[in-house]
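> What would the 3D arrangement of this be:
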Amino acid sequence: MTTLWGLHMPEDIGGDALEQGYVAIGWSELGELSPLPNEREAVKAALTSVYPDKKAGGIPVEAGVIIRFLHVMKEGDYIVYPSKHDRQVNIGKVAGPVTYHPGVEDEPNDYPNRRKVDWVRSFPRSDFSQSALYEIGSFLTLFLVKNHKMEFLAKIDPSFTPVPSEDEAPTPDDDSVTSNVSRQAVETTQDYVIRKIYNGLNGYEFEHFVAHLLHCMGYTARVSEKSGDGGVDVIAHTDELGFEPPIIKVQCKRKTEQTGDPEVSQLLGTLGEGECALFVNLGSYSKPARALERNRSKLRLIDGEQLVGLVLEHYDKFSARYRSLIPLQRIFIPDV
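From the prediction side, this is the model:
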């Protein structure tokens, strides 16, 4: 039987975990977790002792996560980690026992308990059904993926025919549920908008969409000819005629995959005096591309998540055509 785990990690360690090949959980005040027995009551007692202010309803949930990480997860199990910082779904294989990495005195590690993982591949969130994304959006830190196990594993090996397995999870407290619902509402909206744009527009139409968004933001923008101009798809400026700097050269990529620094460098190569570069895509950017952005004051990279944020901010100015493409309704969710 093939087991697939879902796991959440904070953004500030997720990138390192993917590069260094591991997954980690917190509870650093408990120290090394390996000595804890495979007994729920003992783990609950340890949590209560170290975290006396924790809500009683949360203790069983956290104890269950720790026991899964220490005693239930096995080498050879598969794991799926949805990384928010680049909107990727990462799938790997557990490749080692629990190890402890407390850090140094001046820089303690808040997520010191790790398991080695051989990451197999990363996929854009748009490669999966919305219901599959819902499942890996669980409120738990570590959980069994059941209903869509086949969908995830088939991405790395079409021969997989996993059998659903059962996992008893305690009922979460109200605050945990509310926080998860709010987070999933945001992620679902982002997924929905990106899918609508990707499926509803071709590459050239996406350029017109970006130009329209810039217009709603107060810029004058025009789309270049289909043949392109050295990677420049849209020209934008703040004055109506486009004579006054800065002139913004925009490259638009209708793709949900990661964009690397060579494509960004190509756009930078088109700049003249008084010109700036804007790169827009539906996916994410590599670390070298982001480093390029940090070091170039006239470069801005807009990824899928940021693009959705701009769409929501300026949606009331959109034309009927684009409102029809992306039908949205304003709602309020808990800010937790």
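> so who does the nearest residue to residue 239 once chain neighbours are set aside touch?
Nearest residue to residue 239, sequence neighbours excluded (C-beta to C-beta, 6 or more residues apart in numbering): residue 220, at 7.2 Å. No exception for glycine: its C-beta is placed from N, CA and C like everyone else's. With contact taken as C-beta atoms under 8 Å, 6 or more residues apart in numbering, residue 220 is in contact with 236, 237, 238, 239, 240, 242.
> Residue 218: what's it in contact with?
Residue 218 touches residue 238, counting by C-beta under 8 Å, 6+ apart.
> picking that back up, of the contacts of residue 220, which pair is most distant in space?
236 and 240 (11.9 Å; C-beta to C-beta).
> For those two, indicate the residue with more neighbours.
Using other C-beta atoms under 10 Å as the criterion, residue 236 and residue 240 rank with residue 236 on top: 22 against 8.
> in what helix or strand does the more buried one lie?
strand 234-237 (DSSP states H and E).
> From the rest of the structure, what touches the helix or strand immediately after that strand in the chain?
Going down the chain from strand 234-237, the next helix or strand is strand 247-253, by DSSP H and E. Contacts to strand 247-253, defined as C-beta under 8 Å, 6+ apart, come from residues 203, 206-207, 210-211, 214, 219, 221, 231-237, 259, 263, 266-267, 270-271, 274-283.
> partners of strand 247-253 in the sheet?
strand 234-237 (antiparallel), strand 275-281 (parallel) (DSSP bridges).
> buried sites along stretch 53-68?
By neighbour count on 16 or more other C-beta atoms under 10 Å, the buried set for stretch 53-68 is 58, 59, 60, 61, 62, 63, 64, 65, 66, 67, 68.
> wait, which of those residues is closest to residue 48?
residue 59 (6.0 Å).
> Hmm, that closest one is touching residue 41, no?
No. Checked against C-beta atoms under 8 Å, the pair residue 59 and residue 41 is beyond contact range at 10.6 Å.
> any weak-confidence spans in the stretch 151-300 of the chain?
Residue ranges of the stretch 151-300 of the chain with pLDDT under 70: 161-185, 226-230, 242.
> hey, where'd the strands end up in it?
220-223, 234-237, 247-253, 258-259, 275-281, 284-285, 299-302 (DSSP state E, counting those that start in this stretch).
> who wins for proximity to residue 158 among those?
Closest among those, using C-beta to C-beta: strand 258-259, at 23.3 Å.
> From the contact counts, what lies against that closest one?
Other helices and strands packing on strand 258-259, by 3 or more C-beta pairs under 8 Å, 6 or more residues apart in numbering; DSSP states H and E, are strand 284-285.
> Pull the residues that contact the strand it packs on.
So strand 284-285 is contacted by 85-88, 258-260, 264, 279, 293, 301, 303-304 (C-beta under 8 Å, 6+ apart).
> Let's have the residues you listed in JSON lines, adding distance to residue 26 and neighbour count.
Converted to JSON lines, these look like this (distance: C-beta to C-beta, whole Å; neighbours: other C-beta atoms under 10 Å):
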{"residue": "85", "distance to residue 26": "18", "neighbour count": "15"}
{"residue": "86", "distance to residue 26": "22", "neighbour count": "23"}
{"residue": "87", "distance to residue 26": "23", "neighbour count": "23"}
{"residue": "88", "distance to residue 26": "22", "neighbour count": "23"}
{"residue": "258", "distance to residue 26": "28", "neighbour count": "18"}
{"residue": "259", "distance to residue 26": "32", "neighbour count": "21"}
{"residue": "260", "distance to residue 26": "32", "neighbour count": "14"}
{"residue": "264", "distance to residue 26": "35", "neighbour count": "24"}
{"residue": "279", "distance to residue 26": "35", "neighbour count": "26"}
{"residue": "293", "distance to residue 26": "30", "neighbour count": "17"}
{"residue": "301", "distance to residue 26": "30", "neighbour count": "20"}
{"residue": "303", "distance to residue 26": "27", "neighbour count": "22"}
{"residue": "304", "distance to residue 26": "28", "neighbour count": "25"}
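> Nearest to residue 74, out of those: which one, please.
Of all the contacts of strand 284-285, residue 74 sits closest to residue 88, with 24.9 Å by C-beta to C-beta.
> Angles on the backbone of the closest one, please.
phi -110, psi 150 (degrees, to the nearest 10).
> Hmm, it is touching residue 128, no?
No. Using C-beta under 8 Å, residue 88 makes no contact with residue 128, being 10.9 Å away.
> Please consider this matter closed, and thank you.
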